[in-house]
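**Q** Provide a 3D model corresponding to the input given below.
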Amino acid sequence: MPFEIESFATLCRLSREASAGRGAIAPLTLCTGRPQPYVELLTKLMDIRFPAICENGAVLYDLANNHARYLPGLSQEKLAGMRRVRSFIETDVLTKYDKAIIQFGKEAQLSVFSETPDIFIEIRPLIEQFNRAHNGPELVISASHCYLNISLAGADKGSAIRHLLQELGLKREEVAGIGDTEGDLPLQREVGFFACPSNSTPEVKKVADYVSPHATIEGLLDILKRPEMQRA
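**A** Here you go, the predicted model:
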């Protein structure tokens, strides 16, 4: 669906003001499962100046120098194993499940999209069996609203946030996070304050410090008004 443009424009304005040292909220960055080209566009619209996290933590991207890099610890052997899994999904899985497609643009993490996510119950063991049979790297497979996400173990939003905080010289207590699905739980464990919109999964709501009464972007804008999100 298209963005709610007025609310998204408000978010962009708040983020731009924060990056420029104006306004009430602390500077923002992105921590998402989306691929780098999608993140690049959002960082331009929002004027995000910190490194952004892509592919569920496997990739970090800096707009200032247009540099994308893998999270430390992702060896070429692990990446090669992920490519084998991708080939298996494309040649074997998707031919059996015509209601599923693979998300393009990813390098170190995979996402299978379907408008009928019930099929993920059948797809997941097929991927796990193939990976074991080929002595592949340890994988973490989880589902969000419409995606089955396949990640390399050790490359999640939590490990990426830890690495980023070390780079920036920030403490856990100085950082807040926002999420809505299972893949955001590692993020929750690495920040001092964690909030979620009302459309979040029950698992996320259970551990959130604040659950907004509003959904999606309206929930995000509501969360940004919280005192924990304000500039120190």
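**Q** Just the CA atoms from the strand or helix carrying Asn149 would do, formatted as PDB, please.
**A** Assigned by DSSP states H and E, Asn149 belongs to strand 147-152. Output in PDB follows, covering the C-alpha atoms of strand 147-152 (Å, rounded to 0.1, in the frame of the first residue of the first chain):
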ATOM      1  CA  TYR A 147       7.500 -12.600   5.300                       C
ATOM      2  CA  LEU A 148       9.500 -15.600   6.100                       C
ATOM      3  CA  ASN A 149      12.900 -14.300   7.000                       C
ATOM      4  CA  ILE A 150      16.100 -16.400   6.800                       C
ATOM      5  CA  SER A 151      19.100 -14.900   8.500                       C
ATOM      6  CA  LEU A 152      22.600 -16.100   9.400                       C
END
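**Q** isn't His214 right up against Asp222?
**A** Yes: proximity of His214 to Asp222 meets the contact threshold set by CB atoms under 8 Å, at 4.9 Å. C-beta coordinates here come from the backbone N, C-alpha and C atoms, glycine included.
**Q** list the residues that contact both of the two?
**A** Counting by CB atoms under 8 Å, 6 or more residues apart in numbering, the common neighbours of His214 and Asp222 are Pro197.
**Q** quick one: least confident helix or strand in this protein?
**A** One helix or strand of the chain scores below all others by mean pLDDT, DSSP states H and E: strand 139-143, with a mean of 90.
**Q** buried sites along that one?
**A** Within strand 139-143, the residues scored as buried using 16 or more other CB atoms under 10 Å are Leu139, Val140, Ile141, Ser142, Ala143.
**Q** any idea which of those is closest to Val85?
**A** Using CB to CB, Leu139 is the member of the buried residues of strand 139-143 that sits closest to Val85, with 7.3 Å.
**Q** and Leu63, what is it in contact with?
**A** Going by CB under 8 Å, 6+ apart, Leu63 touches Glu40, Thr43, Lys44, Ile48, Arg49, Ala52.
**Q** quick revisit: okay, the buried residues of strand 139-143 in a markdown table with distance to Asp98 next?
**A** Shown next, in a markdown table, are the buried residues of strand 139-143 (distance: CB to CB, whole Å):
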| residue | distance to Asp98 |
| --- | --- |
| Leu139 | 24 |
| Val140 | 26 |
| Ile141 | 21 |
| Ser142 | 23 |
| Ala143 | 19 |
